[in-house]
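Trainee: Sequence first, then the predicted structure, then my questions.
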Number of protein chains: 2
Amino acid sequence: MKIIVDAFGGDNAPNEIILGCVQSKAELGTEIILSGNREKILAAAKEINCFDEVSAWQILDCDDEITMDDEATSVVKEKKNSSMAVGLQALADGVGDAFASAGNSGALVVGATMIVKRIRKVKRVSFAPIIPKYNGFLMFSDAGANIECRPEMLLQFGIMGSVYMEKVMGIKNPRVGLANVGTEEHKGDELRHEAYKLLKKCTDINFVGNVEAREIPYDAADVVVSDGFTGNIIIKLFEGVAMVVMDKFKEVLTKNFKNKLAAAVVYSDMKELKKTMDYNAYGGAPIMGAAKPVFKIHGSAKANTVQSALKLTRDYAESGIIEEIAKAVSGKDRQIGSAE
Amino acid sequence: MKIIVDAFGGDNAPNEIILGCVQSKAELGTEIILSGNREKILAAAKEINCFDEVSAWQILDCDDEITMDDEATSVVKEKKNSSMAVGLQALADGVGDAFASAGNSGALVVGATMIVKRIRKVKRVSFAPIIPKYNGFLMFSDAGANIECRPEMLLQFGIMGSVYMEKVMGIKNPRVGLANVGTEEHKGDELRHEAYKLLKKCTDINFVGNVEAREIPYDAADVVVSDGFTGNIIIKLFEGVAMVVMDKFKEVLTKNFKNKLAAAVVYSDMKELKKTMDYNAYGGAPIMGAAKPVFKIHGSAKANTVQSALKLTRDYAESGIIEEIAKAVSGKDRQIGSAE
């Protein structure tokens, strides 16, 4: 198992990315291939005291980097020689088994689609983060790759998510829900009405109907399906509200001496809690529907989050679900009589 | 000042509604007119030991009630004799100065539009709850009245919200933001692009541009504008995530004897915090754009929340903003050269 990692994506690149790779290699035993400027990578490796190890790795040497300000399409245009584009091309060429990057999400979605290509019959790739809920985690698909969606795309997000949650995350018969403004079948707009019908008709997934946003962080479904506009707002608000409440609690617990004493008593439990509700806990999001495993690491990831993400990337690549998704999607296509 | 209150709306009607009215009358000195079945109202008043007071109030006697399962349009069709329809009609007829109900939101929006009518030139009424943020509160508009919106509607939501926040809630020069998937002008779908242009052109509001969902619970804007589909999801997720995190904290604080002791120390501060982050704290949502003040009380409201809501209803009615909105909206119409 060889994972290609973009050394120059994310807020803490390259040092934390490389450190996360070193930790992952030790934990998972997977081989790491880095994409990016060799000189800078080795200088960073020196800084974090991993020169001997990292200098022995395969490096896909290239000069350019995609920044957060670059257009998404730059990955296939003016920045073809960036660490992201070169890594994705290497994946497409079979140099490694999976690719992970903490860089520009939009560029990664475009790169996955144009360089790695989609699975046959998949209409659009989806940005599908794994996020915490009350008693575990859920997959949200799509969380921003596709601002405007057609109903068949939402059906495919459900099918792909279902396969991923079952085979990579170990959830038996995952419940697929449609994010909507009410649970009744007639709720929402035209897109929701049509997507509901398609998801309901699809006998190979466990569709539990519409889910209200209030229930998503509890336990409404294991895979929540949405268009990318709504989905992006949902995951960001999720993060924002959780952060605000945590911040408010912190204020209370540090308000005065007596509260600080009480805080000391519950400190380790609170820390654990903060970890379980951390939006970043699972490391990121698979780009579902790409023909080979592409994984988005959270942009703010430090070494430990990179490590979590690379574990999921490894699991994704090992699971063999890409073929399964190809089968499921083409089966569904026949079943629902799609015109495409 | 006479406020007409629907005695049969909400989860805790009629007892908590009536009790809330009694409390409000004592606090605010406003006159209360109840709509609903006289016999049931007086029986409830007896139960809560307020018979003498309530029996002296004006009651708009009617037999029917709108339930949560009723179609929104029932308020102008088969349930014209319901406590909500009768109360709205009385407001339209000038029997009272404002109307408040904790009942079916959809029916209230339809009733406000069809019975009370819209302010001239207002394209659609908006369901615009006041919700907590890190350092105060914000108005979210629209949070579900209009599943599908046109750009000019979003502009009007911004204008109306700005007037309300300034004149009723006392926020000077309120910042108006557009809920979107990124802060840059080109972000989002066609609706966002067009709404952005209209809001930016409108010189009488303090438009601060696109706001990301992550920043909404912090302090991105005082009025957040959105279509009703996205908005409904945002306010419900807001409530859900805050509840989950609170529940998780409660688990930690009651986990064992030592934590319970610590919890006792911070108990009153925690209670205060819970109150400040309570989605229900501000009592509900004005139906912005109706030609007279209509206020939606939270469906789950108990007496104290009813009281908070009636205070806002009173402020809304006293503010005289309906005329101001009429002026602002028609002024804006000319300014932006709308075709309608």
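Mentor: Nice, thanks for sending it over.

Trainee: nearest residue to whichever residue of the stretch 51-200 of chain A sits closest to chain B other than its sequence neighbours?
Mentor: Ranked by Cβ to the nearest Cβ, the top residue of the stretch 51-200 of chain A for proximity to chain B is A:V181, at 4.3 Å. Bear in mind the C-beta positions are built from the backbone N, C-alpha and C, glycine included. Spatial nearest neighbour of A:V181, chain neighbours left out: B:N232 (4.3 Å); criterion: Cβ to Cβ, 6 or more residues apart in numbering or on different chains.

Trainee: now swap in A:D97 and tell me
Mentor: In this structure, A:D97 finds its nearest non-sequential neighbour in A:A317, 4.7 Å apart by Cβ to Cβ, 6+ apart.

Trainee: Next, work out how far apart the one you found and chain B are.
Mentor: The gap separating A:A317 from chain B is 29 Å, by Cβ to the nearest Cβ, to the nearest Å.

Trainee: what's the burial count for that residue?
Mentor: 23 (other Cβ atoms under 10 Å in any protein chain shown).

Trainee: which residues sit in contact with A:K2?
Mentor: A:30-33, A:95-98 (Cβ atoms under 8 Å, 6 or more residues apart in numbering or on different chains).

Trainee: quick one, helices of the stretch 151-300 of chain A?
Mentor: Along the stretch 151-300 of chain A, the stretches classed as helices by DSSP state H, counting those that start in this stretch are A:151-167, A:190-201, A:228-253, A:257-276.

Trainee: what would those helices look like in JSON lines with distance to B:G10, mean neighbour count and mean pLDDT?
Mentor: Shown next, in JSON lines, are the helices of the stretch 151-300 of chain A (distance: least, Cβ to Cβ, whole Å; neighbours: other Cβ atoms under 10 Å in any protein chain shown; pLDDT from 0 to 100):
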{"stretch": "helix A:151-167", "distance to B:G10": "34", "mean neighbour count": "26", "mean pLDDT": "97"}
{"stretch": "helix A:190-201", "distance to B:G10": "27", "mean neighbour count": "18", "mean pLDDT": "97"}
{"stretch": "helix A:228-253", "distance to B:G10": "25", "mean neighbour count": "22", "mean pLDDT": "91"}
{"stretch": "helix A:257-276", "distance to B:G10": "33", "mean neighbour count": "15", "mean pLDDT": "87"}
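
Trainee: With distance to B:I159 as extra columns, can I get these in JSON lines?
Mentor: JSON lines is the format used below for the helices of the stretch 151-300 of chain A (distance: least, Cβ to Cβ, whole Å):
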{"stretch": "helix A:151-167", "distance to B:I159": "34"}
{"stretch": "helix A:190-201", "distance to B:I159": "28"}
{"stretch": "helix A:228-253", "distance to B:I159": "23"}
{"stretch": "helix A:257-276", "distance to B:I159": "41"}
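
Trainee: Within range of chain B, give me the residues from the stretch 51-200 of chain A.
Mentor: Contact residues (Cβ under 8 Å from any Cβ of the partner chain) of the stretch 51-200 of chain A with chain B: A:133-134, A:144, A:147-148, A:179, A:181, A:188-189.

Trainee: 10 Å instead, please
Mentor: Residues of the stretch 51-200 of chain A lying close to chain B by Cβ under 10 Å from any Cβ of the partner chain are A:69, A:71, A:106, A:132-135, A:143-144, A:147-148, A:179-182, A:184, A:187-192.

Trainee: Filter those residues down to the buried ones.
Mentor: Buried members of those, scored by 16 or more other Cβ atoms under 10 Å in any protein chain shown, are A:106, A:132-134, A:143-144, A:147, A:179-182, A:187-189, A:191-192.

Trainee: Is the closest residue to A:Y282 other than its chain neighbours bridged to anything, and to what?
Mentor: Nearest residue to A:Y282, sequence neighbours excluded (Cβ to Cβ, 6+ apart): A:I130, at 3.9 Å. Beta-bridge partners for A:I130, by DSSP bridges, are A:M139.

Trainee: and A:I130, what is it in contact with?
Mentor: The contact partners of A:I130, by Cβ atoms under 10 Å, 6 or more residues apart in numbering or on different chains, come to A:137-140, A:164-165, A:168-169, A:281-286, A:308-309, A:312.
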